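A.B. asks: show me the folded form of this:
(one chain, ligands or ions: 2)
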Amino acid sequence: MQKALELAQSVAHVRTAPNPRVGCILVKRGRVIAQAAHQRFGGPHAEAIALEKAGNKAEGATAYLTLEPCCHSDKKTPPCVQALIGAGIARAVIACKDKNPRVNGRGIRMLRKAGIAVTQGILRAKAQELNRFFFHWVRTGRPFVTLKMAASLDGRITSAHRWLSNQQALRFVQQLRKESDAILVGKDTVRNDDPRLTVRNNKKPAALQPLRVVLDSRLSLADRMPRMRLSRNGPLLLACTPAAPMTNREKMRKAGIDVWTAPDADARGHVPLDGLLDELGRRGIVNLLVEGGGKTATTFLEQEFVDEAWFVMAPLLSGPQAALLYSGKEKRFKHAQVRALGDDALFHVRMLRG
Ligand code: AOF
Ligand code: ZN
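C.D. replies: Ligands and ions are numbered 1, 2, ... in the order given. Here you go, the predicted structure:
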């Protein structure tokens with residue numbers, strides 16, 4: 001099962017998203033006869049590839065599956081449960097249930113009904129961790145939200161110099177971006193920092209870039225957006241409210257920039273985060289990375305839309321002129337873990353809700 005999980009993990013999240021990462025190993029008389037991982041969204045499932053490789057040798061084999069096999073139809077590929085039964089496997093060892101409401105235990109029951117011995121829960125925690133973004137999205141219809149903020153020891157997110165955090169921390173942020181389907185920031189961050197928010201390999205932009213989402217209720221960036229780096233380096237979506245003036249919308253349309261208008265503004269006149277998350281979920285965004293600034297981070301944290309957060313703390317005191325990371329009500333994180341990235345400290349926080 002450990003090997004099957006490694007196989008699943010060898011495929012980047014963004015290749016299979018919004019589908020899960022899955023590995024399958026077929027074993028007979030103590031020997032591996034075929035193994036496979038789900039490679040890309042819309043492509044054959046791990047089980048289907050492994051069964052195809054094994055041919056009629058699959059009869060009587062044990063299938064090690066990192067995820068309960070699918071049993072539902074009217075989707076991209078045929079259900080794997082029938083394929084496993086048809087191939088005559090004797091036993092299935094399954095790490096975790098597929099929380100997709102259309103599967104959720106039904107796949108396992110169907111295998112058992114067909115006389116296949118099923119053992120489940122082997123390395124369950126690891127398997128659930130591997131697909132935590134997918135499980136969240138498939139249950140709620142909204143992306144899993146990861147917040148990443150870099151700050152000084154006095155909780156400020158700006159400094160007189162360009163960079164707060166060190167090279168190691170910047171590399172870590174690249175890892176987070178690689179696992180994200182979309183990256184969100186507020187309009188002030190775009191105006192002040194002109195960020196690229198791209199995934200880079202050795203300084204070169206990767207072929208597959210996440211969707212960049214900007215919260216801009218009134219499309220106040222309309223004039224400068226076409227000149228900002230965000231509008232060049234990958235897909236971009238501005239989220240606004242019905243209060244955004246027509247002239248600004250027209251400017252965005254002329255510049256070819258995609259705009260999503262929330263049906264209503266929230267009580268403070270902002271884009272309602274629940275509606276935006278629903279929309280991103282519909283667009284197949286499974287893992288959303290929120291990268292600031294302070295107002296955006298505060299809203300996401302206060303409204304409890306953050307599932308997991310990373311805080312990079314640099315050995316720096318910025319002073320009171322610098323912008324704050326957070327300006328909401330006191331909040332203490334249980335389950336925090338800390339590690340060093342050179343002379344920066346990295347806090348990892350899980351919200352454990354829902
Ligand atoms: C995958 N790969 O290896 C397994 C999946 O539209 P389809 O046919 O690709 O089916 C997607 C669903 O199948 C997905 O939501 C999940 O519940 C289930 N299992 N999906 O992409 C796999 N085993
Ligand atoms: Zn399947």
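A.B. asks: what sits up against the longest helix along the chain?
C.D. replies: Ranked by number of residues, the top helix in the chain under DSSP state H is helix 167-178. By CB atoms under 8 Å, 6 or more residues apart in numbering, the list of residues contacting helix 167-178 from outside reads 12-14, 146, 148, 150, 163, 165, 183, 197-200, 206, 210, 289, 310, 312, 314, 341-342, 344, 346. From N, CA and C alone the C-beta is placed, and that goes for glycine too.
A.B. asks: okay, buried residues for stretch 120-137 please.
C.D. replies: Neighbour counts over stretch 120-137 (16 or more other CB atoms under 10 Å) mark 120, 122-123, 126-127, 130-137 as buried.
A.B. asks: okay if I get those as JSON lines plus pLDDT?
C.D. replies: As requested, these are arranged in JSON lines below (pLDDT from 0 to 100):
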{"residue": "120", "pLDDT": "97"}
{"residue": "122", "pLDDT": "98"}
{"residue": "123", "pLDDT": "98"}
{"residue": "126", "pLDDT": "98"}
{"residue": "127", "pLDDT": "98"}
{"residue": "130", "pLDDT": "96"}
{"residue": "131", "pLDDT": "97"}
{"residue": "132", "pLDDT": "96"}
{"residue": "133", "pLDDT": "97"}
{"residue": "134", "pLDDT": "97"}
{"residue": "135", "pLDDT": "97"}
{"residue": "136", "pLDDT": "97"}
{"residue": "137", "pLDDT": "98"}
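A.B. asks: just the ones of those residues in strands?
C.D. replies: Among these, DSSP state E puts residue 120 in strands.
A.B. asks: which among the buried residues of stretch 120-137 gets closest to residue 157?
C.D. replies: residue 133 (25.4 Å; CB to CB).
A.B. asks: contacts only, for that closest one.
C.D. replies: 13, 17, 143-144, 179, 286-287.
A.B. asks: please repeat the previous calculation with a cut-off of 6 Å.
C.D. replies: Counting by CB atoms under 6 Å, 6 or more residues apart in numbering, residue 133 touches 144, 286-287.
A.B. asks: before we move on, back to that, now the longest helix of the chain: buried residues?
C.D. replies: Counting neighbours by 16+ other CB under 10 Å, helix 167-178 gives 169-170, 172-173, 176-178 as buried.
A.B. asks: ranges for the strands of the stretch 1-150 of the chain?
C.D. replies: All strands of the stretch 1-150 of the chain, identified by DSSP state E, counting those that start in this stretch, fall at 23-28, 31-37, 62-65, 91-94, 117-120, 144-152.
A.B. asks: buried deepest among the ones you listed, which one?
C.D. replies: Highest mean neighbour count among these (mean count of other CB atoms under 10 Å): strand 62-65, with a mean of 27.
A.B. asks: and it with ligand 2, contact?
C.D. replies: No - judged by CB under 5 Å from the ion, strand 62-65 stays clear of ligand 2, getting no closer than 9.4 Å.
A.B. asks: CA atoms only: put that strand into CSV for me.
C.D. replies: C-alpha atoms of strand 62-65 as CSV (Å, rounded to 0.1, in the frame of the first residue of the first chain):
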residue,chain,number,x,y,z
THR,A,62,-5.0,-9.1,-5.0
ALA,A,63,-5.6,-5.4,-5.9
TYR,A,64,-4.0,-2.8,-3.6
LEU,A,65,-6.0,0.4,-4.1
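A.B. asks: is ligand 1 within reach of that strand?
C.D. replies: No - contact of strand 62-65 with ligand 1 (CB under 6 Å from any ligand atom) is absent, the minimum separation being 7.5 Å.
A.B. asks: which secondary structure elements does that strand contact?
C.D. replies: strand 23-28, strand 91-94 (3 or more CB pairs under 6 Å, 6 or more residues apart in numbering; DSSP states H and E).
A.B. asks: pull up the pairing partners for that strand, direction included.
C.D. replies: The strands beside strand 62-65 in its sheet (DSSP bridges) come out as strand 23-28 (antiparallel), strand 91-94 (parallel).
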